[in-house]
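Asks: kindly return the folded structure for what I paste below:
(chains A and B)
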2 protein chains.
Amino acid sequence: MKINVLRLDHRFVRDTRITTHVCLTARAFGASKVYLSGDKDNKLIENVQDTSNRWGGSFEIEYKKNPMNLIDQWKNEGGEVIHLTMYGSQVPKVIDEIKASNKDKLIVVGGSKVQIEVYKNATWNVSITSQPHSEVSSLGVFQHMLMDGSEFDLKFENPVLEVVPLAHGKTVNINNENKKN
Amino acid sequence: MKINVLRLDHRFVRDTRITTHVCLTARAFGASKVYLSGDKDNKLIENVQDTSNRWGGSFEIEYKKNPMNLIDQWKNEGGEVIHLTMYGSQVPKVIDEIKASNKDKLIVVGGSKVQIEVYKNATWNVSITSQPHSEVSSLGVFQHMLMDGSEFDLKFENPVLEVVPLAHGKTVNINNENKKN
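Replies: Take a look at the predicted model:
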């Protein structure tokens, strides 16, 4: 099962950090690719790709001018679309149904305003609590529930940087032979 | 068990949205209070309190000039301190131990740089994956694991705004009688 994330309606400057956190969360919790829509922020794309290169694995990020086309195409190719929104069905009520199929998943997280077509065309509209909080925490918790905790066992191949988990302190292994440039 | 969150090293402007998302995530996933340290951002405190008032419950936010004192005091009063850091022990290895005690929990999330004393004085330093992503998703996933999903059943009393979960669409109940001002 492939997991991709679509970030709607990114805005230059204002959304830079939140969108960066969305992309890195997607990667850390098992997505292989993020599609970015809204402003075409090449600097952000480059920074995320650079972080990914340093920490390993094969994560991709790609700009999509028309996100609705991506949603339609994803479904036409047999995949499922999960739109995370505080207005949607409560995640505990739908997560088993979502996990029951092995179809590719496109997880959509909103920007400042989300077109009604996204609500209509999503396979599921899902809320991670019905309270206001963050697309970043919604995405992390949803991916965690979708992966059933297996994200903690993911291997990111050929990392330059690699944390050695410690109860107290900081250790990072540096593998310069994995540097891409 | 009381759950509070300490946000270290907040910076004006640069961190406004991330810190706001930290605060709202803390609230949505069951924390009763956030302590903010770093820049004394009264506007942010007011905005978070305002959102909380509209969506119900009794969440608090308070500025702490000296966060190390808070950590010491929390432990002196019998509570436990969990510092979320990508360098810490992997969460699947320590979550059962953390959940085993019913002691009050202070969850610490970092800012740009975290003093070594935080690593030393925390009861646990815990990583939510050892990959770089976000204090917002780390907090959400950790609180979700700590609450065992019971955050989805939380009631936020006397809300002005209240979502009616829907498979497709948006409905918000407005209860003007709960307005505080």
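
Asks: so for chain A, the centremost residue is which one?
Replies: The centre of chain A sits closest to A:Ala26, judged by Cα atoms, centre = their mean, with a distance of 2.8 Å.

Asks: now the strands: where do they sit in chain A?
Replies: A:3-10, A:33-38, A:60-63, A:80-90, A:105-109, A:124-127, A:161-163, A:172-174 (DSSP state E).

Asks: still on that earlier bit, ok, the residue nearest to the centre of chain A to chain B distance?
Replies: According to Cβ to the nearest Cβ, to the nearest Å, A:Ala26 stands 9 Å off from chain B. For every residue, glycine as well, the C-beta is placed using N, CA and C.

Asks: which ones are touching that residue?
Replies: By Cβ atoms under 8 Å, 6 or more residues apart in numbering or on different chains, the contact set of A:Ala26 is A:5, A:34, A:59, A:107, A:139, A:143.

Asks: which pLDDT value belongs to the nearest residue to the first one once chain neighbours are set aside?
Replies: Closest residue in space to A:Val5, ignoring its immediate chain neighbours: A:Ala26 at 4.1 Å, by Cβ to Cβ, 6 or more residues apart in numbering or on different chains. At A:Ala26, the predicted lDDT confidence score is 98.

Asks: against B:Arg11, how distant is A:His21?
Replies: Using Cβ to Cβ, to the nearest Å, one gets 16 Å for the distance from A:His21 to B:Arg11.

Asks: which of these two has more residues huddled nearby?
Replies: Per other Cβ atoms under 10 Å in any protein chain shown, whichever of A:His21 and B:Arg11 has more neighbours is A:His21, with 25 against 14.

Asks: so which residues of chain A form helices?
Replies: Under the criterion DSSP state H, chain A contains helices at A:16-28, A:42-55, A:67-76, A:91-100, A:116-121, A:135-147.

Asks: separation between A:Asn178 and chain B?
Replies: As defined by Cβ to the nearest Cβ, A:Asn178 lies at a distance of 15 Å from chain B.

Asks: count of neighbours near that residue?
Replies: Residues contacting A:Asn178 under the criterion other Cβ under 10 Å number 15.

Asks: report the contact partners of the nearest residue to it once chain neighbours are set aside.
Replies: Nearest non-adjacent residue to A:Asn178, counting by Cβ to Cβ, 6+ apart: A:Asn158, 4.5 Å away. Taking Cβ under 8 Å, 6+ apart as the contact definition, A:Asn158 lies against A:56, A:175, A:178.

Asks: dump the residue contacts of the second one.
Replies: With contact set as Cβ under 8 Å, 6+ apart, A:Asn175 has these partners: A:158-162.

Asks: phi, psi for it please.
Replies: Main-chain torsions, A:Asn175, degrees, to the nearest 10: phi -110, psi 90.
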